[in-house]
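*Asks:* Structure for the following, please:
(chains A and B)
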Amino acid sequence: RKEVEQDPGPFNVPEGATVAFNCTYSNSASQSFFWYRQDCRKEPKLLMSVYSSGNEDGRFTAQLNRASQYISLLIRDSKLSDSATYLCVVLTGGGNKLTFGTGTQLKVEL
Amino acid sequence: DAGITQSPRHKVTETGTPVTLRCHQTENHRYMYWYRQDPGHGLRLIHYSYGVKDTDKGEVSDGYSVSRSKTEDFLLTLESATSSQTSVYFCAIRERAGLDSGANVLTFGAGSRLTVL
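*Replies:* Modelled structure (predicted):
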């Protein structure tokens, strides 16, 4: 089983739709969680950290479920510019054990 | 802007030749990393550095070496490139997520696309 698993997609959604991605992790000792966004042929960029209590940044909401060992990302009112690959990142142990998921591709269409 | 520059951005080379990729940062970050990204694998850590002359291996370090002789530069060397090392290589630095955040996050350079024929 992979340490971090994501549905690769693609998720094809119309503009204005709400879409959610999940990411599961295998190590119950994992400490910190992040969502990164990666545009085609570009570097990954931090979208948001995921806090235990859940957090929201504009149209984006991140949730953590430690009992079931998954994190989620909800995007409301999707924009064409949201089209990208979303990477789930999990920190385990010391600060250098970051594990990246393979990413979920989102395509927002007119 | 974390001020990370990778060079070269694109390189095509032949099997068996040595290749060095350079990562340069301007903000005095202590931790620097080299990752590779391949379809179906996500980002995988090759080597990282926690200070000048202090480096350690990641999960896919075989065939790679690194050096950090000064804070701002972290070099990744492929002593004898193989076709399996065709990939996109990302350098990253570690920094705080924000002024009020205790979380450390990675900020990436623009990447170096290497093709080994």
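*Asks:* low-scoring stretches of chain B, by residue?
*Replies:* Low-confidence segments of chain B (pLDDT under 70): B:1-2, B:98-102.
*Asks:* near chain A, which residues of it?
*Replies:* B:31, B:33, B:40-45, B:48, B:50, B:56, B:90, B:94, B:97, B:101, B:103-111 (CB under 8 Å from any CB of the partner chain). Backbone N, C-alpha and C define where each C-beta goes, glycine included.
*Asks:* Please name the nearest non-neighbouring residue to residue A:4.
*Replies:* The shortest distance from residue A:4 to any non-neighbouring residue, by CB to CB, 6 or more residues apart in numbering or on different chains, is to residue A:101 (4.3 Å).
*Asks:* correct me, but the one you found touches residue B:42?
*Replies:* Yes. Here residue A:101 reaches residue B:42: they are 5.8 Å apart, a contact under CB atoms under 8 Å.
*Asks:* Neighbour count: those two, which is higher?
*Replies:* More crowded of residue A:101 and residue B:42, by other CB atoms under 10 Å in any protein chain shown: residue A:101, with 27 against 22.
*Asks:* just to revisit the earlier point, let's see which of the residues of chain B next to chain A end up in strands.
*Replies:* When DSSP state E defines the strands, the subset of the residues of chain B next to chain A inside them is B:33, B:42-45, B:48, B:50, B:56, B:90, B:94, B:104-108.
*Asks:* top of these by neighbour count?
*Replies:* Counting neighbours by other CB under 10 Å, residue B:43 leads those with 26 neighbours.
*Asks:* List the contacts of that one.
*Replies:* Shown in contact with residue B:43 (CB atoms under 8 Å, 6 or more residues apart in numbering or on different chains): A:44, A:87, A:100, B:35-37, B:90.
*Asks:* Residue B:40 versus the residue nearest the centre of chain B, what's the distance?
*Replies:* For chain B, the residue sitting closest to the mean C-alpha position, by CA atoms, centre = their mean, is residue B:34 at 2.4 Å. If you measure residue B:34 against residue B:40 using CB to CB, to the nearest Å, the figure is 20 Å.
*Asks:* SS state for the residue lying closest to residue A:103 once chain neighbours are set aside?
*Replies:* Distances taken as CB to CB, 6+ apart place residue A:85 nearest to residue A:103, at 4.1 Å, with adjacent residues excluded. Put simply, residue A:85 is strand when judged by DSSP: H, G, I helix; E, B strand; the rest coil.
*Asks:* quick revisit: and for residue A:101 and residue B:42, which residues touch both?
*Replies:* Going by CB under 8 Å, 6+ apart, residues that sit against residue A:101 and also against residue B:42 are A:4, A:87.
*Asks:* give me the number of residues near residue 25?
*Replies:* Unless you meant another one, I'm taking chain A. If you count neighbours by other CB under 10 Å, residue A:25 ends up with 22.
*Asks:* could you do chain B instead?
*Replies:* Counted with other CB under 10 Å, the neighbours of residue B:25 add up to 20.
*Asks:* so it bridges to which residues?
*Replies:* Residue B:25 has the following beta-bridge partners by DSSP bridges: residue B:4.
*Asks:* For the nearest residue to residue A:34 once chain neighbours are set aside, give me its contacts.
*Replies:* Nearest non-adjacent residue to residue A:34, counting by CB to CB, 6+ apart: residue A:89, 4.3 Å away. Applying CB under 8 Å, 6+ apart to residue A:89 gives the contacts A:4, A:33-36, A:98-101.
*Asks:* Out of the residues you listed, who's the most crowded?
*Replies:* residue A:101 (27 neighbours).
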